[in-house]
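Chemist: Generate coordinates for the sequence data below:
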Amino acid sequence: MNLINRLLAEFIGTFWLVLGGCGSAVLAAAFPDVGIGLLGVSFAFGLTVLTMAYAIGHISGCHLNPAVSLGLFVGGRFPARDLLPYMAAQVAGAIVAAIVLYMIASGKPGADVIAGGLASNGYGDASPGKYSMMSGFLMEVVMTGMFLIIILGATDGRAPAGFAPIAIGLGLTLIHLISIPVTNTSVNPARSTGPALIVGGAALQQLWLFWIAPFIGAALGGVIYRVIGRNNRPEIVGDGS
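Modeler: Take a look at the predicted model:
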């Protein structure tokens, strides 16, 4: 696929991730009597990646995340020349999704969408569980690193074919189940940027962490998989006779 097609796919895929994942938190998680809660939001994020992996994986690779693009580059699966264009398309998709979500959420009488945070990420007072900056930083590094190991392993040519989207989607679900109480789960700088630009305040002031920590984690994940995934078996030259 040419670059324009791939960038459009990344824009649409990231739009879907933010609209579906953050939208589930903003519109459905706290809905009276039938709110989907932490479990529902976690599955919503996983389902956005799973569905888009099948929809656009064959077009762009379905990164939907600047940290994933960086980790795939470090892991030897993605060319450096496409890094910045992919990241720009992903951030643009996230911003448009956040704008659309804000417009939808604002249609409810009495709704204060900005005060609600629009599912933005944060630490300290902005953390759902009031976890410290260090806790949030460590969580984002570790979770993003593990996410890259899952992605690189599931898409390895030696892995069972056709199951990568399921493993990756469920992996992201698990990551959200673990980390929503700490940072509201980012592991994705684009996902953090969209809502932060809309709500401002602490979400925008703390946005730096949700770029730096996922990038560090993604790079570590890429390096780790290159080491553990390397085929070190000696080649058999003869038949031993």
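Chemist: Below-threshold pLDDT in this protein: ranges please.
Modeler: In the predicted model, the chain carries pLDDT under 70 at residues 32, 232-241.
Chemist: ok, residue 79 to residue 61 distance?
Modeler: Using Cβ to Cβ, to the nearest Å, one obtains 11 Å as the distance from residue 79 to residue 61. In short, each C-beta sits where N, CA and C put it, glycine included.
Chemist: likewise residue 9?
Modeler: If you measure residue 9 against residue 61 using Cβ to Cβ, the figure is 9 Å.
Chemist: so residue 35 touches residue 28, yeah?
Modeler: Yes: under the criterion of Cβ atoms under 8 Å, residue 35 is in contact with residue 28, at a separation of 6.6 Å.
Chemist: Give me the more crowded residue out of these two.
Modeler: More crowded of residue 35 and residue 28, by other Cβ atoms under 10 Å: residue 28, with 15 against 12.
Chemist: Could I get the contacting residues of that one?
Modeler: Going by Cβ atoms under 8 Å, 6 or more residues apart in numbering, residue 28 touches 35, 36, 40, 41, 44.
Chemist: can we see that at 10 Å?
Modeler: 34, 35, 36, 37, 40, 41, 44 (Cβ atoms under 10 Å, 6 or more residues apart in numbering).
Chemist: Now the residue nearest the centre of the chain, what are its backbone angles?
Modeler: Residue closest to the mean C-alpha point of the chain, counted by Cα atoms, centre = their mean, is residue 188 at 4.0 Å. Main-chain dihedrals, residue 188, degrees, to the nearest 10: phi -160, psi 100.
Chemist: what about the residue nearest to residue 20 when sequence neighbours are not counted, helix or strand, and which?
Modeler: Closest residue to residue 20 apart from its sequence neighbours, by Cβ to Cβ, 6 or more residues apart in numbering: residue 48 at 4.0 Å. In the assignment (DSSP states H and E), residue 48 maps to helix 37-60.
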